[in-house]
Structure formats: C-alpha cells, structure tokens
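In: Give me the fold of what follows.
(one chain, ligands or ions: 1)
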Amino acid sequence: MRDNIIHGSNILWMMGVIFSILSGTVSAQPADNTLQVIDSRKLYLETVQKDSNQRMEDLRQRIPSLVFDLRYATKDNFVKQPLYPATRTSFLRLPAAKALAGVQAALKTQGLGLKIFDAYRPYGVTKKMWEIVHDSRYVADPAKGSGHNRGIAVDLTLIDLSTGKELPMPTGFDNFSDSAHQDFRDLPEESIRNRLLLKTVMEKYGFEPLKTEWWHFSLPQPGDFKVLDLPFDELDSQDTRNSQDTQNRRGTRDIRDNPKPQ
Ligand SMILES: [Zn+2]
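Out: This next block holds a predicted model:
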C-alpha cells in the first residue's frame, strides 16, 4: 500500500516532467522525491496561512477529555531515555485532531476514551531514535520521514472512563513482537475484541491502521503534510509569538523523501 503511494507519486512526477518538456517549460523542481523539512516557525506559519489544515492543534485544548501518557517525554520507552522535553500535551494537524475528537466522542457513548502515547514527533526525535536503534523494522528511517513527523499519526489505546484503566490489549506500547500485529490471533478473546474496537472506530473517522503495531494510526495523506522539526513550544499560540530568534538560525532543508506513514 505504501509502496503504491510512492510509486504513484513517482509516476505523477514523471508525467509532470514529460508535460513540462513537451510544453517547453522545464520544471525547476527537484528531479527526485525530495523531503522538505520545515524547521522554521515562520515557514510553518506561512503554510498555515495558505491552508488552515496545516495548523498543528494542541490536543489537550482541542479534546480536554483525552488522557496522556507521552512515553517519549519520559524514560518509560523502548530506548529508555526521554526523547523530547516533558510536556503535558501533544499536537496533530487540524484534520487529524478533528478526526480524533470524533473518535473520542463516539467512544464516550460506550463509557470509553483514548489514552495517547505519542502524536506529533519532531523530525529531530526520529533522527535520534534512528541513531540509537538503526533498524527500520522498529523505527522510521529519517530519510523517509514519518506520519508522526507530519502530525497525522498517533499512538494510542482505549481506557475505561469509570476507572481510567487501559483496556486489555494484545501487548504493551512499542512491543515489537509479532503479537503486536493487527492480524495476530493467538490471544485472549478480550484483547482481540478491544483491538478490533479501537481499529474499527479509528477507521470510521478516517485513520488507517499499521499492520505491525495495533496502537499506531495515521491519516492516509502523507503527501499533503510536510515533515516538521519544531519543538512543541514553537507550535503554541501560532499567531502571536515573535520567532525572530529562531528564524535567524533556522530554515528549511531538503533531503531525499520516500513518504512512509509510520
Ligand atoms: Zn506510531
């Protein structure tokens, strides 16, 4: 599926080049898949101004009933060290935040809610993970960027609203064994039921599951959202902050792209 997306974009680009040559307007665009990383608040705000769907929404503000257990802000994760500073919230692009609000509202009618393990992940964090693990089975290859870097992927589980406890699932978060796969069946019936409930409600609101991680979901349009490398505090109150200091030392940079929502 992801390969199809990549090949599809290649074909579209080639068609564009052929059209450019035929029409005498050879494109100045890069002649390959180029990943543009936005690490300037100014450029981020420009994208938001052109398209409000690019806005990164503060999930705690947007969906106050969400529960957060942001593992990468603590040592309680697979690399055993905090990968970003302590934070009480995370962010997703506007369409993903809206979809997540729909999921949370639908679950509420069943006495259930969502607990968020991770959502937006600055690109620098993906690079740090790669330096530590360097295995694309477990972490996203930074050459490709990830759905988390684009603010359209979220790692989460279900909780019982009356107790605040997580519902039994096949594995814990970031378990990289086969038992975390969506199609793994050798499990207690209750875990299979809960996994299916989470997948069904996430799909209903437009998210796609990942085969190998029951907790990971992403909107299926990675090409619509550029990779971001901005710390969480630079995403706050988008219109008011003066970011001149960061504009002076930051910009965009290009590296090879191969979009993969992971
Ligand atoms: Zn994930």
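In: interface residues of the protein facing the ion?
Out: Within the chain, the positions lying close to the ion (CB under 5 Å from the ion) are 155, 216. The C-beta positions use only the backbone N, C-alpha and C, and glycine is treated the same way.
In: Strands of the chain, start to end?
Out: With strands called from DSSP state E, the chain shows them at 34-38, 56-58, 67-68, 91-93, 112-118, 153-160, 208-210, 213-218, 227-228, 252-256.
In: Need those strands in JSON lines (columns: mean pLDDT).
Out: As requested, these are arranged in JSON lines below (pLDDT from 0 to 100):
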{"stretch": "strand 34-38", "mean pLDDT": "88"}
{"stretch": "strand 56-58", "mean pLDDT": "97"}
{"stretch": "strand 67-68", "mean pLDDT": "98"}
{"stretch": "strand 91-93", "mean pLDDT": "98"}
{"stretch": "strand 112-118", "mean pLDDT": "98"}
{"stretch": "strand 153-160", "mean pLDDT": "98"}
{"stretch": "strand 208-210", "mean pLDDT": "97"}
{"stretch": "strand 213-218", "mean pLDDT": "97"}
{"stretch": "strand 227-228", "mean pLDDT": "97"}
{"stretch": "strand 252-256", "mean pLDDT": "45"}
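In: what residues are up against residue 66?
Out: 59, 60, 100, 104, 113, 114, 115, 116 (CB atoms under 8 Å, 6 or more residues apart in numbering).
In: again, 10 Å this time
Out: With contact taken as CB atoms under 10 Å, 6 or more residues apart in numbering, residue 66 is in contact with 59-60, 89-90, 100-101, 104, 113-116, 119, 156, 159.
In: want to throw the residues you listed into a markdown table with neighbour count and distance to residue 83?
Out: Formatted as a markdown table, those follow (neighbours: other CB atoms under 10 Å; distance: CB to CB, whole Å):
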| residue | neighbour count | distance to residue 83 |
| --- | --- | --- |
| 59 | 24 | 18 |
| 60 | 16 | 19 |
| 89 | 19 | 16 |
| 90 | 28 | 13 |
| 100 | 26 | 22 |
| 101 | 17 | 26 |
| 104 | 20 | 25 |
| 113 | 19 | 25 |
| 114 | 23 | 21 |
| 115 | 19 | 19 |
| 116 | 23 | 15 |
| 119 | 27 | 14 |
| 156 | 24 | 18 |
| 159 | 20 | 24 |
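In: so which of the strands of the chain comes closest to residue 76?
Out: Distance to residue 76, taken as CB to CB, is lowest for strand 112-118 among these, at 9.8 Å.
In: Alpha carbons of that closest one, as PDB, please.
Out: The C-alpha atoms that make up strand 112-118 are tabulated as PDB, following Å, rounded to 0.1, in the frame of the first residue of the first chain:
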ATOM      1  CA  LEU A 112     -14.600   4.500  26.900                       C
ATOM      2  CA  GLY A 113     -12.000   7.000  26.000                       C
ATOM      3  CA  LEU A 114      -8.500   7.300  24.500                       C
ATOM      4  CA  LYS A 115      -5.000   7.400  26.100                       C
ATOM      5  CA  ILE A 116      -2.300   9.000  23.900                       C
ATOM      6  CA  PHE A 117       1.200   7.500  23.900                       C
ATOM      7  CA  ASP A 118       2.600   9.800  21.200                       C
END
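In: what lines up beside it in the sheet?
Out: Using DSSP bridges, the strands paired with strand 112-118 in its sheet are strand 67-68 (parallel), strand 153-160 (antiparallel).
In: which residue packs closest to residue 121, ignoring adjacent ones?
Out: Nearest residue to residue 121, sequence neighbours excluded (CB to CB, 6 or more residues apart in numbering): residue 148, at 3.7 Å.
In: Surely the one you found touches residue 126?
Out: Yes - the criterion here is CB atoms under 10 Å, and residue 148 meets it with residue 126 at 7.1 Å.
In: who's more crowded, these two?
Out: Ranked by neighbour count (other CB atoms under 10 Å), residue 148 and residue 126 place residue 148 first, with 28 against 23.
In: who touches the more buried one in this structure?
Out: Residue 148 sits next to 72, 90, 92, 118-123, 125-126, 140, 154-155, 216, 218, 227-228, 261-262 when contact means CB under 10 Å, 6+ apart.
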